[in-house]
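Trainee: Test case, fold it:
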Amino acid sequence: MILELLGPEPDPLRAFSVLLRLVQYVSCLSAAGLAIFAMGFGRMQEAGDAAACRRLTLAMVAAGLVSSLAWLVAQVALASGDDPFDAEIWEIMLGSGPGTSVLVTWAGLIAVAVATQVGRAGLVLGAVGVLAVTASFTQVGHTTQHQPRWLLATALVVHLLAAAFWAGSLWPLAIASRRAGPRAASMVEAWARAASWVVAGLVLAGAALAWLLVGQLDLLVTTAYGWSLLTKVALVGTLLGFAAWHRFRLTPALAAGAPGSGARLAASIRWEIVVMVLVLWAVAEMTSTSPRPEGV
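Mentor: Numbering: from 1, shown residues only. As a prediction, this is how the structure comes out:
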């Protein structure tokens, strides 16, 4: 978005496409992550908190459906020279990666929505929906243009599943922390233990993706993609700092029933949400440029 507007030839339509990609990342990964949280920790939530999370999941599903379709419309407009209604380009798009990606996204989001309404009985459907949402991103982008394709796709799905788990958990954790009490502390502690393994998977898969796509350290500081990647890494480092602060200071204080500990943890998680959105913005910027110059 910003890269497109600051370039020598600003392209507002392409910048708008990047913005739509950001909204799609936030909504789709949040919907998938909220579903993962409900499957793993929903039974530990207060009834009112679980209901609020179900409503948020449905809102994110709706935003994901709209933003993914709008992104596809923008791709048609870009490919046709600013004509979003070009029938020939629509036929090409629907039969290629972008169309497949959006259709799989829609199928996954609808499965998540249905599973959210069904509850525990929809566990398998929800899991399939989450996997479909994350796998949909393997149909477009840099992982489709480099080899080994299977390894890139696998690393991307693992990376996105971990990112969805983290992003989608922040809101329910903030709600629970604000309530405080032994039940909230128990849930936050259980989530933190699981998150330690998930974050390790996120970092390893992200490192594998970066190496396979960039391949040369000098490209990190000589390409727009490299600078976007470094920005993402710095922001993820900030998220890891939040996670360590919560795990070793704020969560123990919540478990001990320290006065004001719940409010402090909830406020810190809200800032973590802001940083998470910035991480996804950096990822959206990465989609608008190539990891390697031509011929490299």
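Trainee: When you work out contacts or count neighbours from here on, use the C-alpha atoms and nothing else.
Mentor: Will do.
Trainee: Would you map the helices across the protein?
Mentor: 2-6, 12-41, 47-80, 87-94, 97-118, 123-135, 149-179, 182-214, 224-245, 251-255, 261-286 (DSSP state H).
Trainee: Could you check the fourth one and say which residues are buried?
Mentor: The reference is to helix 87-94. 89-90, 93-94 (16 or more other CA atoms under 10 Å).
Trainee: name the helices or strands packed onto it?
Mentor: helix 47-80 (3 or more CA pairs under 8 Å, 6 or more residues apart in numbering; DSSP states H and E).
Trainee: and the angle for the helix it packs on with helix 97-118?
Mentor: Relative orientation of helix 47-80 and helix 97-118, computed by axes from the mean of the first three to the mean of the last three CA atoms, to 10 degrees: 170 degrees.
Trainee: list the helices and strands helix 47-80 packs on?
Mentor: Checking 3+ CA pairs under 8 Å, 6+ apart, helix 47-80 ends up next to helix 12-41, helix 87-94, helix 97-118, helix 149-179.
Trainee: Deepest-packed of the helices of the chain, please.
Mentor: helix 12-41 (a mean of 24; mean count of other CA atoms under 10 Å).
Trainee: okay if I get the helices of the chain as TSV plus distance to residue 143?
Mentor: Converted to TSV, these look like this (distance: least, CA to CA, whole Å):
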stretch	distance to residue 143
helix 2-6	21
helix 12-41	16
helix 47-80	18
helix 87-94	18
helix 97-118	12
helix 123-135	12
helix 149-179	6
helix 182-214	8
helix 224-245	14
helix 251-255	38
helix 261-286	12
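Trainee: Redo those helices as JSON lines? Include distance to residue 141 and mean pLDDT.
Mentor: Shown next, in JSON lines, are those (distance: least, CA to CA, whole Å; pLDDT from 0 to 100):
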{"stretch": "helix 2-6", "distance to residue 141": "17", "mean pLDDT": "52"}
{"stretch": "helix 12-41", "distance to residue 141": "11", "mean pLDDT": "94"}
{"stretch": "helix 47-80", "distance to residue 141": "12", "mean pLDDT": "95"}
{"stretch": "helix 87-94", "distance to residue 141": "14", "mean pLDDT": "94"}
{"stretch": "helix 97-118", "distance to residue 141": "9", "mean pLDDT": "96"}
{"stretch": "helix 123-135", "distance to residue 141": "12", "mean pLDDT": "96"}
{"stretch": "helix 149-179", "distance to residue 141": "10", "mean pLDDT": "94"}
{"stretch": "helix 182-214", "distance to residue 141": "11", "mean pLDDT": "92"}
{"stretch": "helix 224-245", "distance to residue 141": "13", "mean pLDDT": "94"}
{"stretch": "helix 251-255", "distance to residue 141": "38", "mean pLDDT": "90"}
{"stretch": "helix 261-286", "distance to residue 141": "10", "mean pLDDT": "95"}
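Trainee: how close does the residue located most distally from the centre of the chain get to residue 180?
Mentor: Residue farthest from the centre of the chain, counting by CA atoms, centre = their mean, is residue 259 at 33.5 Å. Using CA to CA, to the nearest Å, residue 259 is found at 10 Å from residue 180.
Trainee: likewise residue 102?
Mentor: Counting by CA to CA, the gap from residue 102 to residue 180 is 40 Å.
Trainee: Save the helices and strands packed on helix 47-80 as a markdown table, and put in distance to residue 268 too.
Mentor: What follows is the helices and strands packed on helix 47-80, written out as a markdown table (distance: least, CA to CA, whole Å):
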| stretch | distance to residue 268 |
| --- | --- |
| helix 12-41 | 18 |
| helix 87-94 | 42 |
| helix 97-118 | 27 |
| helix 149-179 | 9 |
